[in-house]
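**Q** what's the 3D shape of this:
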Amino acid sequence: MAWVWSAGAQNRFYKLYSGSGFDKAEDVLALPDSSYLVAGSSGSWEENAQGFLMKIDQFGTYQWSQAYGAQETEEIKRVFHRPGMGYYLAGMSSSWTTGGYDPMLVFTDLNGTQQWIKTYPHPSWERIHDGVQTVDTGFVLVGERLATIGGSADVLLLRLDKNGDTLWTKTIGSSGHDCARSILRIQDTLFAVGGEWTLQDSLVQKGFVCLFNEQGQMLWFDTLGVAAGDHAVLDLTQTPFGIQFAGYRTVSAANHDKFSGMIALDGSITAQNAPLDGAMISDDIIQQIAYIQTLDACAQGIQVQNQGTYPEPYDLNIGYGDALFGYWLGWPVTAILNQGYDHCGNIKPTLDGGFIAVGMNSVIIDGQNQLNGGSNIFVLKVNGDGSAYVQTDTVFTTNQLVGLKPAFEGSKVLVFPNPVSADLTIVWPGNEAKAIELYNAQGALLLKETVAAPYGIPMTTFASGLYLLKLEGQSYPIIKH
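**A** The predicted structure follows:
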């Protein structure tokens, strides 16, 4: 195994980001200048969830954010960079469909400003779970499509060009539920896809990995499963040994075992592993993996629940597995242990030889940061020294997610200047008095008054940081410099 130890010049951090709603990070992208893009879905811009893109610098400091969507619900699953041009966001939308979701592609400039948005309507309900960029700056998106309205799902493959125009669409399926969870470009024109597949004879769900070319032609297809119970492949990564897969085996509805293994590029199965829980029952699911070349190991995001935490929701362990079989290595690990539900959306290698992971948690330990009313986004940055440990249980402050503007979307309320250093002014139409509340980032009420517009709040005595202004049920994030 190759070890690379750093002299400490690298950067690691764990930070939380949120607005006033349910916020969830699904993807992260490391940019050439060591800054990062974080994408996902958020209820902090409007009542319904919209897709969002946030840029942070190499230390996790907020730079800007934008939201995308319309009157219903949008989710961003993956973000891609087109150097010198802008960013593509792949996901799904229910705003331009008669029911359910349709695939969606958004193109923005380098500041995240939307240039166009396209959806791909179909009579059936569809979801996108993953996507990759092709060598010609196009895309292959994968997910699931209901075979008939209310019926079982089939695997969905969608090939788009750089303008978002459809080149081809394919579905494959059995008589049961089938779904593509992950896609990996392993060569310029070859793509591996992993997910869930129902066997025709037994109706048992197995994991699968298949290989197809850029014309959508299937080259090989393997079903995976080492023991009784359903199996699923949730993510893929390429290592020097081939294609490593990871997911779970179902023991019971409340008990899953980690499931991982290796497939050679010719489709031959090298290894399949589903370690038993042993004396302590632990509900473990490998949600995301990424090969880290400098360490010759795979970063893993594992959702865990054990006898000691029942009936508490899931926590996360983020550390390393070996590059061949995917076994957990037991190196120093970051544990995200909150009272609520913790989920890992994606893990990506970084330029310094480490990795960055994103996801969400619903309640911070000791009940702090419930002001947001929903869930927080987490960003975990680990350097390349072989240690994945970053302290998380002392991080209570949420950083801003929603972009700060004088006028807030869907409202005639003006709040300015924002950021503010002296007096904050609040204006709304008419003379009707309104109730105003001001909270700090920990949820402590600092001010509560019923006043007429315009109204000013002196901010000079407040410490620098994030505040939330509440007015008639709406929340407005404020930055004090």
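
**Q** was I right about N361 contacting G345?
**A** No. Under the contact definition of Cβ atoms under 8 Å, N361 does not touch G345, with a separation of 11.3 Å. Any C-beta I mention is one placed from the backbone N, CA and C, and that applies to glycine too.

**Q** Neighbour count for those two, which is higher?
**A** Between N361 and G345, counted using other Cβ atoms under 10 Å, the more crowded position is N361 (27 against 22).

**Q** Look up which residues are beta-bridged to the spatially closest residue to T61 that is not a sequence neighbour.
**A** Sequence neighbours aside, N399 is the residue nearest to T61 in space, at 7.9 Å (criterion: Cβ to Cβ, 6 or more residues apart in numbering). Taking DSSP bridges as the rule, N399 bridges to Y17.

**Q** Would you mind measuring from N399 to G345?
**A** Between N399 and G345 the distance, using Cβ to Cβ, to the nearest Å, works out to 17 Å.

**Q** The nearest residue to R127 once chain neighbours are set aside: what secondary structure?
**A** Of all residues beyond its chain neighbours, the one nearest R127 is G143 (4.8 Å), with distances taken as Cβ to Cβ, 6+ apart. Classification of G143 by DSSP: H, G, I helix; E, B strand; the rest coil places it in strand.

**Q** Tell me, how many residues neighbour G143?
**A** Other residues within reach of G143 by the criterion other Cβ under 10 Å amount to 26.

**Q** my guess is it meets S124, correct?
**A** No. With contacts counted by Cβ under 8 Å, G143 stays clear of S124, the gap being 11.8 Å.

**Q** ok now stretch 175-192, how far from the chain's centre?
**A** Relative to its chain's centre, stretch 175-192 lies at 19 Å (Cα atoms, centre = their mean, to the nearest Å).

**Q** cool, and stretch 433-450?
**A** Computed by Cα atoms, centre = their mean, the chain-centroid distance of stretch 433-450 equals 31 Å.

**Q** again with stretch 315-332
**A** Put simply, stretch 315-332 sits 20 Å off its chain's centre (Cα atoms, centre = their mean).

**Q** Do me a favour and get the end-to-end distance for that stretch?
**A** Taking Cα to Cα, to the nearest Å, stretch 315-332 runs 16 Å from one end to the other.

**Q** okay, the nearest residue in space to L414 that is not next to it in sequence: pLDDT?
**A** In space, not counting the residues next to it along the chain, L414 is nearest to V427; the distance is 4.4 Å by Cβ to Cβ, 6+ apart. The confidence metric pLDDT takes the value 86 at V427.

**Q** Could you report the neighbour count for V427?
**A** Here the count is done by other Cβ under 10 Å, and V427 has 15 residues near it.

**Q** Pretty sure it sits against I436.
**A** No. The pair formed by V427 and I436 falls short of the contact definition of Cβ under 8 Å, at 12.0 Å.

**Q** Quickly list what's touching both of those two.
**A** Jointly contacting V427 and I436 under the rule Cβ atoms under 8 Å, 6 or more residues apart in numbering are Y455.

**Q** can you list the domain ranges for this protein.
**A** Under automatic domain parsing, the residue ranges defining each domain of the chain are 13-400, 414-480.

**Q** and the ones you listed, which is most packed in?
**A** Per-residue neighbour counts averaged over each of the domains of the chain give the maximum for domain 13-400, namely a mean of 20 (mean count of other Cβ atoms under 10 Å).

**Q** start to end distance for it?
**A** One end of domain 13-400 to the other measures 16 Å (Cα to Cα).

**Q** Show the low-confidence segments of the stretch 1-150 of the chain, by residue range.
**A** In the prediction, the stretch 1-150 of the chain carries residues with pLDDT under 70 at positions 1-10, 46-48, 98-99, 147-150.

**Q** Swap in 90 and give it another go.
**A** For the stretch 1-150 of the chain, the stretches flagged by pLDDT under 90 are 1-11, 18-22, 42-50, 69-73, 94-101, 121-125, 146-150.

**Q** Spell out the residue ranges of the strands in it.
**A** If you assign secondary structure with DSSP state E, counting those that start in this stretch, the strands in the stretch 1-150 of the chain sit at 13-18, 23-30, 36-42, 50-56, 62-68, 74-82, 86-93, 102-108, 114-119, 126-133, 139-146.

**Q** Redo those strands as JSON lines? Include distance to L236.
**A** As requested, those are arranged in JSON lines below (distance: least, Cβ to Cβ, whole Å):
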{"stretch": "strand 13-18", "distance to L236": "26"}
{"stretch": "strand 23-30", "distance to L236": "15"}
{"stretch": "strand 36-42", "distance to L236": "20"}
{"stretch": "strand 50-56", "distance to L236": "24"}
{"stretch": "strand 62-68", "distance to L236": "27"}
{"stretch": "strand 74-82", "distance to L236": "14"}
{"stretch": "strand 86-93", "distance to L236": "17"}
{"stretch": "strand 102-108", "distance to L236": "20"}
{"stretch": "strand 114-119", "distance to L236": "26"}
{"stretch": "strand 126-133", "distance to L236": "9"}
{"stretch": "strand 139-146", "distance to L236": "11"}
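
**Q** Mind checking those strands for the one nearest to A153?
**A** Using Cβ to Cβ as the measure, strand 139-146 is the one of these that comes nearest A153, at 4.0 Å.

**Q** hmm, who's touching the closest one?
**A** For strand 139-146, the external contacting residues (Cβ under 8 Å, 6+ apart) are 80, 88, 90, 92, 100, 103, 105, 122, 124-134, 152-160, 171, 178-183, 185, 191, 193, 195, 214.

**Q** okay, the angle between that strand and strand 74-82?
**A** Here the directions of strand 139-146 and strand 74-82 differ by 160 degrees (axes from the mean of the first three to the mean of the last three Cα atoms, to 10 degrees).

**Q** what's the following helix or strand after strand 139-146?
**A** In the C-terminal direction, the helix or strand that comes right after strand 139-146 (DSSP states H and E) is strand 153-160.

**Q** quick one: strands adjacent to that following strand?
**A** Looking at strand 153-160 with DSSP bridges, its paired strands and their directions are strand 139-146 (antiparallel), strand 166-172 (antiparallel).

**Q** now the shortest one against strand 126-133, angle please.
**A** Put simply, strand 166-172 runs at 120 degrees to strand 126-133, going by the same axes, to 10 degrees.

**Q** ok, and what's touching stretch 448-464?
**A** Contacts for stretch 448-464 (Cβ under 8 Å, 6+ apart): 420-438, 446-447, 480-481.

**Q** Next step: the residues you listed restricted to strands.
**A** Secondary structure defined by DSSP state E assigns 423-427, 434-438, 446-447, 480 of these to strands.

**Q** As a quick check, tell me the outermost residue of this protein.
**A** In the chain, the residue that sits farthest from the middle, by Cα atoms, centre = their mean, is N431; the gap is 43.5 Å.

**Q** Skipping its backbone neighbours, what lies nearest that residue in space?
**A** Spatial nearest neighbour of N431, excluding adjacent residues (Cβ to Cβ, 6+ apart): A452 at 5.8 Å.

**Q** What pLDDT is listed against the one you found?
**A** A452 carries a pLDDT value of 87.

**Q** what does L295 give?
**A** At L295 the predicted local distance difference test score is 93.
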